[in-house]
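Q: Here is my input, please return the structure:
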Amino acid sequence: MESLSFLGDNLVTFWSYTAFANFTYGHLIMILVGLVFIYLAIAKEFEPMLLIPIGFGILIGNIPFKDAGLQLGIYEQGSVLNILYQGVTSGWYPPLIFLGIGAMTDFSALISNPKLMLIGAVAQFGIFGAYVIALSMGFEPNQAGAIGIIGGADGPTAIFLSSKLAPNLMGAIAISAYSYMALVPVIQPPIMRLLTTKKERVIRMKPPRVVSQTEKILFPIFGLLLTCFLVPSGLPLLGMLFFGNLLKESGVTRRLAETARGPMIDIVTILLGITVGASTQATQFLTLDSVKIFALGAGSFVIATAAGVLFVKFFNLFLKQGNKINPLIGNSGVSAVPDSARISQTVGLEYDSTNYLLMHAMGPNVAGVIGSAVAAGVLLGFLG
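A: Here you go, the predicted structure:
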């Protein structure tokens, strides 16, 4: 009998350590969210490079366990997941992502038509609009700043800024930012159609001029000096972005550029996605603040898209016939590269199958990358 009692006690103890014994409805909700992310990535091909790591990370983070000092969870000091997560909380991963982005980005469209930089700048109104709304909803200024950056549709920038200003909200902010980046094809087209006329949608733009190699080399150097002298707090992101681009354009560091835009950015994306996803433990993530952040993220994204389109319409009032800009590229001022530029192209082709807007849209699109990093630097400078 004693042996049976001993075995029964061991089974009870074993059961108490299983996920079944510690499971809650919150964990079920988050696991379903993770499965939705994976479904959207595979079935709909919405940002699969991001949503699959994040979705699977959500599954990892919401397998419940008994807190018995086993160092399993992402929030337990010394655990493997916690060590990997330090790349997020300490802001290591986002600059490395920006290095890879710089090494794969061609700024020719922006260099050939510098006024497109204005569209990328105006689209950042979504960030500051969400900041003001977040303040009115009761968030602290530093939290509001971190939430507002979602409007830039730039996941690495959102993670970088929230790690500095509002670490306790970073999971919700990161998931919101990446969710809306993935939903660009769903959110932006209705706004673009609503705010433009059929006549505006078929405006043809002049072909971009050919940009010399010298201009391409000088752009990251002067871009760094101009933006970082203005906003030094944006140096970790902007410095790595322009450095990566110089590696690409110099012509003599091809191996370094290929490493930055290939294996390195892939590895960092995997680590960032899986740890950000795992940080969404139900006990930490399912709060009223998370719901508010998702609502504010949607609002800021809508504001950014609308601001870009409306600005082009306004700017066209001052441009001569033949120099006008198609307002459909206004949406690409957000920094979801290259998805928002592709949406400009897709919607434009619906109304004129011979009007190719992609190269034009890439100008404000890459300007949006710079703009969101500058906006993050401004917020960090004022609120950090």
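Q: Give me the helix or strand of the protein that scores worst on average pLDDT.
A: helix 2-17 (a mean of 73; mean pLDDT, DSSP states H and E).
Q: can I get the CA coordinates of it in CSV?
A: Extracted in CSV, the C-alpha atoms of helix 2-17 (Å, rounded to 0.1, in the frame of the first residue of the first chain):
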residue,chain,number,x,y,z
GLU,A,2,2.8,2.4,0.8
SER,A,3,4.3,1.9,-2.7
LEU,A,4,0.9,2.7,-4.2
SER,A,5,0.6,5.8,-2.1
PHE,A,6,4.1,6.8,-3.1
LEU,A,7,3.3,6.3,-6.7
GLY,A,8,0.0,8.2,-6.4
ASP,A,9,1.8,11.2,-4.8
ASN,A,10,4.4,11.1,-7.6
LEU,A,11,1.7,11.1,-10.2
VAL,A,12,-0.1,14.1,-8.5
THR,A,13,3.2,16.0,-8.4
PHE,A,14,3.9,15.1,-12.0
TRP,A,15,0.4,16.4,-13.0
SER,A,16,0.9,19.6,-11.1
TYR,A,17,3.9,20.4,-13.4
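Q: Run the chain-centre distance for that helix.
A: Averaging C-alpha positions (Cα atoms, centre = their mean, to the nearest Å) puts helix 2-17 48 Å from its chain's average.
Q: Name the residues of the top helix by length along the chain that come out as buried.
A: If you go by DSSP state H, the chain has its longest helix at helix 288-316. Under the neighbour-count criterion of 16 or more other Cβ atoms under 10 Å, helix 288-316 has 289-290, 292-294, 296-313, 315-316 buried. Backbone N, C-alpha and C define where each C-beta goes, glycine included.
Q: Just the CA trace of stretch 188-201, in CSV.
A: These are the backbone C-alpha positions of stretch 188-201, laid out as CSV (Å, rounded to 0.1, in the frame of the first residue of the first chain):
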residue,chain,number,x,y,z
GLN,A,188,-4.7,50.7,-47.0
PRO,A,189,-6.6,50.1,-50.3
PRO,A,190,-10.0,51.2,-49.0
ILE,A,191,-8.5,54.4,-47.6
MET,A,192,-6.7,55.2,-50.8
ARG,A,193,-9.9,54.7,-52.9
LEU,A,194,-12.0,56.7,-50.5
LEU,A,195,-9.7,59.7,-50.6
THR,A,196,-9.0,59.9,-54.3
THR,A,197,-11.0,60.4,-57.5
LYS,A,198,-10.8,58.3,-60.6
LYS,A,199,-9.0,61.1,-62.4
GLU,A,200,-6.3,61.3,-59.7
ARG,A,201,-5.8,57.6,-59.7
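Q: and it, which residues are buried?
A: For stretch 188-201, the neighbour count (16+ other Cβ under 10 Å) marks 188-189, 191-193, 195-196, 200-201 as buried.
Q: Switch those residues over to CSV; also include secondary structure and pLDDT.
A: Formatted as CSV, the buried residues of stretch 188-201 follow (DSSP: H, G, I helix; E, B strand; the rest coil; pLDDT from 0 to 100):
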residue, secondary structure, pLDDT
Gln188, helix, 94
Pro189, helix, 95
Ile191, helix, 95
Met192, helix, 96
Arg193, helix, 96
Leu195, helix, 95
Thr196, coil, 96
Glu200, helix, 95
Arg201, helix, 95
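Q: State the pair within those residues that is farthest apart.
A: Gln188 and Glu200 (15.9 Å; Cβ to Cβ).
Q: before we move on, back to that, what packs against the longest helix of the chain?
A: With contacts defined as 3 or more Cβ pairs under 8 Å, 6 or more residues apart in numbering; DSSP states H and E, the packing partners of helix 288-316 are helix 117-122, helix 125-136, helix 141-148, helix 170-182, helix 184-195.
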